[in-house]
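1. would you be able to build a 3D model of this:
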Amino acid sequence: MKYDCIVIGSGAGGLTVAFGLAGAGKKILLIEKSNVGGECTWSGCVPSKAFINLSKNQMPIEIALEEVRKVIKNIAGKEDPIVLKEKGIDYIKGIGKFIKEDSIEVNEEIYTGDKIVIATGSSPFIPPIKGLENIDYLTNSNFFIQKTIPKKLVMIGGGVISLELSFALKRFGIDVTIYEIGEKLVPVEDEEISEFYKNKLRKEGIELYLNCGNIELKQEGDKVQVITENKVEEFDKIFISTGRVPNINGLDLEKTGVSYSKRGINVNENMLTDNKNIYAIGDVVGPYRFSHMAGYNGEIVVRNILFPYIKKKADYRSIPWTIFTNPEFSRMGINEREAMELKENIKIYKLLGKDNERSIISLEDDFYLKVICDKKFRVIGACCIGDRAGEIIGLLQFMNSQNLKFYKLMESIQAYPTYIDSLRKLSKLAYVDHLKELVKI
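-> Below is the predicted model of the structure:
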């Protein structure tokens, strides 16, 4: 069978391409080896954020896990095979692999596409820890299908998933310990962010071991022993949170001329691989493995397939991300350390909770906002700790994408008392600095 486009993978990126091209009248085949919606819907963003929110409601964890599955079902219903058919998208459940550069084999049938989009996502990275092969461990892939969680849990790895779930699990009464091989948490962030979450975890009663060195695991009855150079500790269950790897195996990319590495498939700024008719998007490409990035990549591909003579390029200058910890952390653009390396007249504006009236009114314990501007007062980076941090960063990301100067925000009218109004007030400091420079001129 011949299609205008074959999409392999039905996560955020694959669905964006399939719905976008089908809406433009193209004949689309969508291939998915598991469930439509991909990891985000079934074991990533949707269940984890639902679980985090439910942890605030003082309910038994068994009930919360059941509620999470209801949320998954609700979201999945908006993108299931029935919906795909209504949108004119052909759907096949199975593992797709290349027979040649324009042909995919699924379930022993061969399908041909003028264009092919690889959106196969990523999977948990399982590190070579001694003894792990004998342990029945958890990852985000199987966590949310559990009926309950044992009372004493250890997280191997201090990554985003580990941080998010640890705070939530502690609220449910689970005793949580984190082992991290690195010297700091969230190492890509500035030092004060790492220190804040290190102290916050310990304040919440979550044990944290940094720079823990080599780890060995051993099953002792119904307990798991974590053995390091300094101690041996027993737990009921182990959760592996040590990063992600792109889902490349089994695609037979060697038959297409598409190059790749262990980090992912190589693409240009148009999301095009070495083969002019094959695109790749989302986690299988990286380096930003977020659902919103997969969707963004997918939008670029839709645009470039429909309008091939006006190519759209991916712009990674101000990627936003949010860690749904307690409290939230969000960032976009560069951090302060990276800004200082530019050796320019960088301007940094900070707002603390004691100066933020919304935080005071809301009895918010922790709030921290930092906005980094270049010499022309354009926002080039920002980070925020606090309630609704992701929403605050969203506005700053928009200002960056439009090359807007930070002090321009003070010309807007914002409702009081909101976080955006506090951000507007912070922009007045940039306006004062702008006036000072005008006076010097």
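
2. which SS class is the residue nearest to Asp80 when sequence neighbours are not counted?
-> Once flanking residues are discounted, Asp80 sits nearest to Val36: 5.7 Å by CB to CB, 6 or more residues apart in numbering. Backbone N, C-alpha and C define where each C-beta goes, glycine included. What DSSP: H, G, I helix; E, B strand; the rest coil gives for Val36 is coil.

3. low-confidence ranges, the protein, go.
-> Applying pLDDT under 70 to the chain flags the ranges 441.

4. can you get me a residue count around the residue nearest to Asp80?
-> When neighbours are defined as other CB atoms under 10 Å, Val36 has 23 of them.

5. just to check, Ile31 is in contact with Val106?
-> Yes - Ile31 sits in contact with Val106 when judged by CB atoms under 8 Å, with a separation of 5.5 Å.

6. overlap in contacts, these two.
-> Residues touching both Ile31 and Val106 (CB atoms under 8 Å, 6 or more residues apart in numbering) are Ile92, Gly94, Gly96.

7. find the nearest non-adjacent residue to Glu62, please.
-> Computed as CB to CB, 6+ apart, the closest residue to Glu62 that is not its neighbour in sequence is Thr148, at 4.9 Å.

8. and the one you found, how close does it get to Ile8?
-> Remark: distance between Thr148 and Ile8 (CB to CB, to the nearest Å) = 36 Å.

9. that older thread, kindly provide the distance from the residue nearest to Glu62 to Asp136.
-> Thr148 is 15 Å from Asp136, by CB to CB.

10. not counting its neighbours along the chain, what's nearest Val154?
-> Nearest non-adjacent residue to Val154, counting by CB to CB, 6+ apart: Phe235, 4.3 Å away.

11. how far away is the residue nearest the centre of the chain from Ile323?
-> The chain has Phe290 as the residue nearest its centroid, 3.2 Å off, counting by CA atoms, centre = their mean. As judged by CB to CB, Phe290 and Ile323 stand 11 Å apart.

12. repeat that for Met340.
-> Per CB to CB, Met340 is found 23 Å from Ile323.

13. how about the helices in the stretch 1-150 of the chain?
-> Ranges of helices within the stretch 1-150 of the chain are 12-23, 38-42, 45-54, 61-76, 81-86, 140-143, based on DSSP state H, counting those that start in this stretch.

14. make a markdown table from those helices and add mean neighbour count to it.
-> Shown next, in a markdown table, are these (neighbours: other CB atoms under 10 Å):
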| stretch | mean neighbour count |
| --- | --- |
| helix 12-23 | 25 |
| helix 38-42 | 25 |
| helix 45-54 | 20 |
| helix 61-76 | 16 |
| helix 81-86 | 14 |
| helix 140-143 | 18 |
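
15. and of these, who's closest to Asp315?
-> Smallest distance to Asp315 across these (CB to CB): 16.4 Å, for helix 12-23.

16. what's the angle between the closest one and helix 45-54?
-> 120 degrees (axes from the mean of the first three to the mean of the last three CA atoms, to 10 degrees).

17. which strands and helices sit next to helix 12-23?
-> Under the contact criterion of 3 or more CB pairs under 8 Å, 6 or more residues apart in numbering; DSSP states H and E, helix 12-23 touches strand 2-8, strand 28-32, helix 38-42, strand 89-93, strand 109-118, helix 291-306.

18. ok, back up a step: ok, Ile31 and Val106, which is more surrounded?
-> Ile31 (25 against 19).

19. so who does the more buried one touch?
-> Ile6, Val7, Ile8, Gly9, Ser10, Tyr91, Ile92, Gly94, Gly96, Ile104, Val106.

20. if we use 7 Å, what do you get?
-> Counting by CB atoms under 7 Å, 6 or more residues apart in numbering, Ile31 makes contact with Ile6, Val7, Ile8, Ile92, Gly94, Gly96, Ile104, Val106.

21. the residues you listed, buried ones only, as a ChimeraX selection?
-> Selection of the buried residues among the contacts of Ile31 in ChimeraX, burial being defined by 16 or more other CB atoms under 10 Å:
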select :6,7,8,92,96,104,106
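
22. quick one: which two of the contacts of Ile31 are the most distant?
-> Pairwise over the contacts of Ile31, using CB to CB, the maximum falls at Val7 and Gly94, 13.4 Å.

23. looking at it, Tyr368 is touching Asn356, isn't it?
-> No - checked against CB atoms under 7 Å, the pair Tyr368 and Asn356 is beyond contact range at 9.2 Å.

24. tell me the domain boundaries of this structure?
-> 2-37+79-124+244-306, 132-240, 321-440 (automatic domain parsing).
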